[in-house]
Every structure is written in structure tokens, then in C-alpha cells.
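> Below are the sequence and a predicted model; questions follow.
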Amino acid sequence: MTGKPKQTPPSLDDRPRQYNFVLNPYPDERLSRCPHCGQKTGQRKLPLFIHIDPHYPIALNYTCRYCRQCNLLIAHKHEIEHLLAQMFSQYNPDIIGNEYLIMGTVEKKAWREGLTHPKAPVEMLAHTALFKAYYQELRHTQPGWYPSGQEPPVQEPLPSQEWVKAKRRGWPRRRTR
């Protein structure tokens with residue numbers, strides 16, 4: 001019996017770990033300073049490996065805020081969801097609004113090759129470095145004076161409207177005259 005051997009998916013435990021990661025849910029906060037150490041952040045453009053339920057892996061080249069001191073990448077949730085909604089509105093509008101997970105970063109060389117010669121998800125995962133730590137979304141406290149012993153309430157972010165509502169309204173919108 002001849003044929004091509006099956007590719008076994010690489011174990012996620014064996015993948016290298018490269019950055020710490022946090023997702024910023026506040027559309028009006030740009031985070032020019034690190035939320036952990038307070039140092040100024042720079043920018044780093046990296047292909048992010050995103051898994052969208054049920055089985056849509058994608059590598060999205062995105063400019064993140066980066067703290068060199070903490071090795072922390074900060075991505076803006078509303079920007080990523082906007083890019084995903086635009087992309088899937090052309091290919092598969094049923095996916096818009098599904099749950100997703102940003103898993104890690106893809107090697108630039110493998111990402112560029114994938115643009116001209118699309119790779120299987122197993123192959124792309126072999127070139128992916130997962131995050132060392134995946135911090136919960138940022139939470140801001142409401143400013144103001146509070147009596148001692150009382151903690152300020154947490155300011156909840158506005159829900160990202162585009163990714164959720166796009167599925168309901170049939171992305172993209174059609175103009176009628």
C-alpha cells in the first residue's frame with residue numbers, strides 16, 4: 001500500500017512559548033503605557049494565530065502594542081473583530097460572531113509563504129509560538145474618591161458591537177436607494 005502518510009498534529013505542549021498576551025476590550029483606550037509595569041509601550045507587527053469556532057484557523061498580521069520589559073503583547077479587541085468581520089464577510093459570513101481564541105504568533109517567513117501557497121492548519125501550527133501567559137481582559141476601575149476599605153467599582157467595557165451584530169444583520173450591509 002503506497003500513499004502519503006498522514007500528518008499528525010503537533011502537540012500544543014511541545015510548542016515554544018514566546019510572549020505574554022492581553023486583550024484590550026476598551027475601544028477608547030490605546031495603552032501607550034504597560035498595564036503591568038507602567039513603562040512606555042512600542043509597537044510590534046506580528047502574524048497572530050487565531051482559532052475561530054468551529055474549525056477556522058487564521059493567521060492575521062496585526063500591529064500590537066508591546067512592552068519590552070514585561071514581554072507583553074497588547075491587542076485591541078475591537079480592531080481584531082473588525083478585521084475578522086471584513087475578512088469573513090467575503091469568504092464565509094456564517095462565521096461572523098463565533099467565539100475565537102488568539103493562540104500565539106506565527107513565524108513571519110511561514111506566514112509570508114502561506115500568502116502565496118496556502119498551508120494546512122497543521123502545517124501552520126508547526127510554525128506557531130504559543131503565548132507564555134494569557135492574561136484576562138483588562139479591567140479599569142471607575143475614578144473618584146471612595147471611603148477607606150471600599151474598593152472602587154470595575155468599569156465594564158462596552159461590548160464589541162460589530163462582531164456580534166454583523167451576524168444578525170447579514171454582513172456586509174447592502175445599500176438600497
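Good, I have the coordinates. Residues are numbered from 1 along each chain as shown.
> So for His7, what's the pLDDT?
To be clear, residue 7 is Gln; His isn't right here. At Gln7, the model reports a pLDDT of 44.
> Only the buried residues of the helix or strand harbouring Tyr62, if you could.
Tyr62 is part of strand 56-67, with elements assigned from DSSP states H and E. For strand 56-67, the neighbour count (16 or more other Cβ atoms under 10 Å) marks 56, 58-60, 62, 64-67 as buried. All C-beta spots, glycine's among them, are computed from the backbone N, C-alpha and C.
> What would the following helix or strand past it look like as PDB? C-alpha coordinates only.
Downstream of strand 56-67, the next assigned helix or strand under DSSP H and E is strand 72-76. Extracted in PDB, the C-alpha atoms of strand 72-76 (Å, rounded to 0.1, in the frame of the first residue of the first chain):
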ATOM      1  CA  LEU A  72       3.800  41.700  26.800                       C
ATOM      2  CA  LEU A  73       1.700  42.000  23.600                       C
ATOM      3  CA  ILE A  74      -1.500  44.000  23.800                       C
ATOM      4  CA  ALA A  75      -4.100  43.600  21.100                       C
ATOM      5  CA  HIS A  76      -7.200  45.700  20.700                       C
END
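> What are the contacting residues of strand 72-76?
With Cβ atoms under 8 Å, 6 or more residues apart in numbering as the test, strand 72-76 has contacts from 19-24, 27, 30-31, 34-36, 41, 44, 46, 48, 62, 64-67, 102, 105, 131, 135.
> I only care about those that end up buried; give me the PyMOL line for that.
The buried residues among the contacts of strand 72-76 can be selected in PyMOL (16+ other Cβ under 10 Å) with this line:
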select buried, resi 19+20+21+22+23+24+34+35+41+44+46+48+62+64+65+66+67+102+105+131
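> ok, back up a step: between the buried residues of strand 56-67, which is nearest Gln86?
Using Cβ to Cβ, Leu60 comes nearest to Gln86 of those, at 10.9 Å.
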